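Peer 1: what shape does this take:
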Amino acid sequence: QVQLVESGGGLVQAGGSLRLSCAASGRTFSGYTMGWFRQAPGKEREFVAGMSWSGRIDYADSVKGRFTISRDNAKNTASLQMNRLRPEDTAVYYCAAREGSAVRIGAAEYNSWGSGTQVTVSS
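Peer 2: Numbering: from 1, shown residues only. Okay, here's the model as predicted:
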C-alpha cells in the first residue's frame, strides 16, 4: 500500500475553481492507478475520476468537461483540477490508489486511501 495525503480543498462560489492534490509515499508510485472519489453527507462514496500509470483516464459523467485528473509519476503526485464548480459538487474528496493498470469506479477496488479534504461550493 501507499500512504496518501490530500490538500487543496476549501470554500468556493459556484462557477469557481479548485485544485486538489494528492501526495503518495511509502511504495513506488509506478504500477498504481490513482482515483478521486467524493462523499456528500448521507450519500455513498462515489467515483469522480481515475488515471492509470500509463495514462488511461475515466471520469464520472457528472464531472466530464469540468474536472481534469493528472499525475506526475516522477513526483509521486496526482491532482484534480475542478472548474465550473456547482453546489452539488460539495463533498469530502478522497484520493485513492489501487495496484494495476485498470481504472475502476468501485471504491472497494482501491486499497489505499487518504483522509479526505472538504470541498464546499456555495450558491
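Peer 1: alpha carbons only for contacts and neighbour counts from here, please
Peer 2: Will do.
Peer 1: contacting residues around the residue nearest the centre of the chain?
Peer 2: Nearest residue to the geometric centre of the chain (C-alpha atoms, centre = their mean): Trp36, 2.1 Å. Taking C-alpha atoms under 8 Å, 6 or more residues apart in numbering as the criterion, Trp36 is in contact with Phe47, Val48, Ala49, Gly50, Leu80, Tyr93, Tyr94, Cys95, Ala96.
Peer 1: can you rerun that using 6 Å?
Peer 2: Trp36 is in contact with Val48, Ala49, Tyr94, Cys95, counting by C-alpha atoms under 6 Å, 6 or more residues apart in numbering.
Peer 1: with Ser21 instead?
Peer 2: Contacts for Ser21 (C-alpha under 6 Å, 6+ apart) come out as Glu6, Ser7, Ala78, Ser79.
Peer 1: Leu11 and Thr120: what is the separation?
Peer 2: The spacing between Leu11 and Thr120, counted by C-alpha to C-alpha, to the nearest Å, is 5 Å.
Peer 1: of those two, who's got more company?
Peer 2: Ranked by neighbour count (other C-alpha atoms under 10 Å), Leu11 and Thr120 place Thr120 first, with 20 against 14.
Peer 1: you'd agree that one is in a helix?
Peer 2: No - assigned with DSSP: H, G, I helix; E, B strand; the rest coil, Thr120 falls outside any helix and is strand.
Peer 1: verify the stated contact: it with Thr90.
Peer 2: Yes - at 4.6 Å, Thr120 and Thr90 qualify as touching, with contact defined as C-alpha atoms under 6 Å.
Peer 1: the one helix or strand Ala96 maps to: how far from the chain's middle?
Peer 2: Using DSSP states H and E, Ala96 maps to strand 91-99. Computed by C-alpha atoms, centre = their mean, to the nearest Å, the separation of strand 91-99 from the middle of its chain amounts to 5 Å.
Peer 1: what's in contact with it?
Peer 2: Contacts of strand 91-99 (C-alpha under 6 Å, 6+ apart): 32-40, 110-114, 116-119.
Peer 1: and it, which strands flank it?
Peer 2: Using DSSP bridges, strand 91-99 pairs in its sheet with strand 32-39 (antiparallel), strand 112-113 (antiparallel), strand 117-122 (antiparallel).
Peer 1: many thanks, have a good one.
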